[in-house]
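1. Here is my input; please provide its structure:
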Amino acid sequence: MLAQLVPAPLVRLFAGPYVAGDSMVLALDTAARLWSERRVRSTLDLLGEDVTDASQVERNVQAYLDLIEAAGRDTRFGAAEARPSISLKPSAFTTKAQGEAFLQIRRIAEAARSAGLALTIDMEDHRWTDATLEASIRLFEEGYDVGTVLQSRLNRTQEDADKIPSGMRIRLVIGIYEEAETIATSDKTLMKERMLELARRLFARGVYVEFATHDERCVELFAREVAPAAPGRAEVQLLLGVPRAKLQRQLEEGSFGLALPVRLYVPFAIGWDDATAYLRRRMNESPSVVWLVLRNLITRDR
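-> Next up is the predicted model:
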């Protein structure tokens, strides 16, 4: 596959803008800098999903517990709402059954609640959809500040949106996982149209929507035509390293009619092996990532 042909040092060069570093300290430093310099909030995500060894599970659990403790007491963020939220992928917490992952995630959710931090359980490929939705909704209904993710490429997502309880947080994405045409669309235009329609549907249910895409036209339509129906219940999320500084300013200043907060997804690793594996997976899932990264390296400050 294409990603395996790219030498590791070059992959690391590609990953540089997109990964906060190879330690929790660097991740928190990045989040604190984004807040102090640009008043942009973050969500922190440890790379290392699809684990194959039990020792990796415990390593990941402990890393999240340490991250939550450190983020909860970090005074650089000032107000509680400025502190980073925490994101995680269930496959980082099991080598066996999916249920094992959510037992570990419950431990992390308890720590996040004690520290006053929001937690988002990321969505992976279709094999995880049912279990992730069920666990996330259950934790939310038990009083945890837990949200999850819906992917517009999946044909089932409209029905899934109707299961989300009022007050819960949902990150709306297109989704990076290539899925069979029997369960998902490959039409990018349709995916974006679905995102906007799903946002309307979720707002009508009282849900907080985290609209996550780098398509500037789609974001503008969201801010101009969809989000005004639910003031205070929307934000836009972007990836660290993708050059959208102008778009961020426009959103925060209300250039599209409604000012919206922006949050950056900030992944970090424990060692560069995980960061390298992360970008290789993204290249395998979508070879166009190679060209996107090259373009972004050239236009990083736009």
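2. C-alpha only now, for contacts and for neighbours.
-> Will do.
3. Can you give me the neighbour number for Leu34?
-> Other residues within reach of Leu34, judged by other C-alpha atoms under 10 Å, total 17.
4. Do you have the strands of the stretch 1-150 of the chain handy? List them.
-> Ranges of strands within the stretch 1-150 of the chain are 41-46, 85-88, 119-121, 146-151, based on DSSP state E, counting those that start in this stretch.
5. Return the list of helices and strands in contact with the second one.
-> Meaning strand 85-88. Under the contact criterion of 3 or more C-alpha pairs under 8 Å, 6 or more residues apart in numbering; DSSP states H and E, strand 85-88 touches strand 41-46, strand 119-121.
6. let's see it at 10 Å
-> Applying 3 or more C-alpha pairs under 10 Å, 6 or more residues apart in numbering; DSSP states H and E, one finds that strand 85-88 makes contact with strand 41-46, helix 54-73, helix 98-115, strand 119-121, strand 146-151, strand 262-268.
7. Same question for the first one.
-> When contacts are defined as 3+ C-alpha pairs under 10 Å, 6+ apart, strand 41-46 sits against helix 24-38, helix 54-73, strand 85-88, strand 119-121, strand 234-239, strand 262-268.
8. Which positions in the longest one come out as buried?
-> Within helix 54-73, the residues that count as buried by 16 or more other C-alpha atoms under 10 Å are 56-57, 60-61, 63-65, 67-69, 71-72.
9. picking up where we left off before, would you turn the helices and strands packed on strand 85-88 into JSON lines with distance to Leu240 and mean pLDDT?
-> Compiled in JSON lines, the helices and strands packed on strand 85-88 are given as follows (distance: least, C-alpha to C-alpha, whole Å; pLDDT from 0 to 100):
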{"stretch": "strand 41-46", "distance to Leu240": "9", "mean pLDDT": "97"}
{"stretch": "helix 54-73", "distance to Leu240": "18", "mean pLDDT": "96"}
{"stretch": "helix 98-115", "distance to Leu240": "23", "mean pLDDT": "97"}
{"stretch": "strand 119-121", "distance to Leu240": "17", "mean pLDDT": "98"}
{"stretch": "strand 146-151", "distance to Leu240": "18", "mean pLDDT": "98"}
{"stretch": "strand 262-268", "distance to Leu240": "6", "mean pLDDT": "95"}
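10. related to what we said a few turns ago, tell me which of the strands of the stretch 1-150 of the chain approaches Glu253 most closely.
-> Proximity to Glu253 (C-alpha to C-alpha) singles out strand 41-46 among these, at 15.4 Å.
11. quick one: strands adjacent to the closest one?
-> Applying DSSP bridges, strand 41-46 is found paired with strand 85-88 (parallel), strand 262-268 (parallel).
12. So which of the strands of the stretch 1-150 of the chain is nearest Leu251?
-> strand 41-46 (13.5 Å).
13. follow-up on the earlier one: which among the strands paired with strand 41-46 is found nearest to Ile170?
-> Nearest to Ile170, of these and by C-alpha to C-alpha, is strand 85-88 at 12.2 Å.
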